[in-house]
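S.K.: my questions concern the predicted model and sequence given below.
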Amino acid sequence: MSENPLQVLVQTFEKVSYSIQHHLTRFIGLHLQPVSSAKAPLFSISSSPHKFQSAKADSFVQPDDILLKIKSAATPVTKEELGRATWTFLHTLAAQTSQQRGLFSQYPDNPTRQQKKDVKELMGILSRMYPCKECADHFKEVLRANPVQAGSQAEFSQWLCHVHNVVNRSLGKPIFPCERVDARWGKLECEKNACEVLGSTGFDGD
Ligand code: FAD
């Protein structure tokens, strides 16, 4: 005799629900401890039509556990992480980017007066509002000694490379070769992160 189509549907639904729970808990690092069967779904539906039954509460990951896990993973950003993220944003903005990367609206070759003003303001705001006071104060000095140069994309990306190097030098970090800035930040397509390797290891002068 052929199977009841509704039963097949319910079984499929149970499998999908188990799979979702399994992947979700693996994703957030919790482990499932199914009660009796090896395949315990998040909630179960009886194979008999019209009858829904709830799963035993203590056998499944509780929402509170998930929240706790997410909370403990959410530590404040470090000065280094913030710095890396900010430099990434700035260099990407200044880079002449290949279309293949899907970023099209970087700083133009021939910026308008407004675009040049925007970049100067952005740097000014960064030096006042950057959420690391020591860094912001230092960057103010860096800007005073090295006023923004953004007459073109090339000029802006080179200027940015230079000021990043000023910060690098003050922190005792290697100086990045600015002729490689486009390779590192977008102009060229880099096979297997080759540009990252070049940019990070080839420090040979400003
Ligand atoms: P980062 O310096 O963050 O660089 C990220 C990547 O950029 C590197 O891996 C490399 O591939 C590439 N890169 C490096 N140099 C250049 C360059 N010149 N041009 C183009 N690409 C380059 N930290 C402090 O402790 N004190 C400060 O006063 C301070 N001031 C800061 C001011 C600003 C505006 C910013 C954005 C950050 C500041 N930081 C400061 C953070 C600091 O600069 C670094 O971001 C942080 O220490 C992490 O360094 P990192 O070695 O991972 O590489």
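M.R.: Perfect, I can see it now.
S.K.: residue 95 contacts residue 161, correct?
M.R.: No - taking C-beta atoms under 8 Å as the definition, residue 95 is not a contact partner of residue 161, at 10.3 Å. Bear in mind the C-beta positions are built from the backbone N, C-alpha and C, glycine included.
S.K.: what's near enough to touch residue 108?
M.R.: Shown in contact with residue 108 (C-beta atoms under 8 Å, 6 or more residues apart in numbering): 115, 153.
S.K.: now do the SS call for it.
M.R.: What DSSP: H, G, I helix; E, B strand; the rest coil gives for residue 108 is coil.
S.K.: with residue 64 instead?
M.R.: What three-state DSSP gives for residue 64 is helix.
S.K.: what strand or helix carries the residue in the chain positioned nearest to the ligand?
M.R.: Residue nearest to the ligand within the chain: residue 83 (2.1 Å; C-beta to the nearest ligand atom). Taking DSSP states H and E as the criterion, residue 83 maps to helix 79-94.
S.K.: and the contacts of that helix?
M.R.: For helix 79-94, the surrounding residues in contact (C-beta under 8 Å, 6+ apart) are 77, 103, 106-107, 126, 130-132, 135, 153, 156-157, 160-161, 164, 181, 184-186.
S.K.: and the ligand, which of those residues contact it?
M.R.: Applying C-beta under 6 Å from any ligand atom, the subset of the contacts of helix 79-94 adjacent to the ligand comprises 126, 130, 135, 161, 164, 181, 184.
S.K.: thanks again, I'm all set now.
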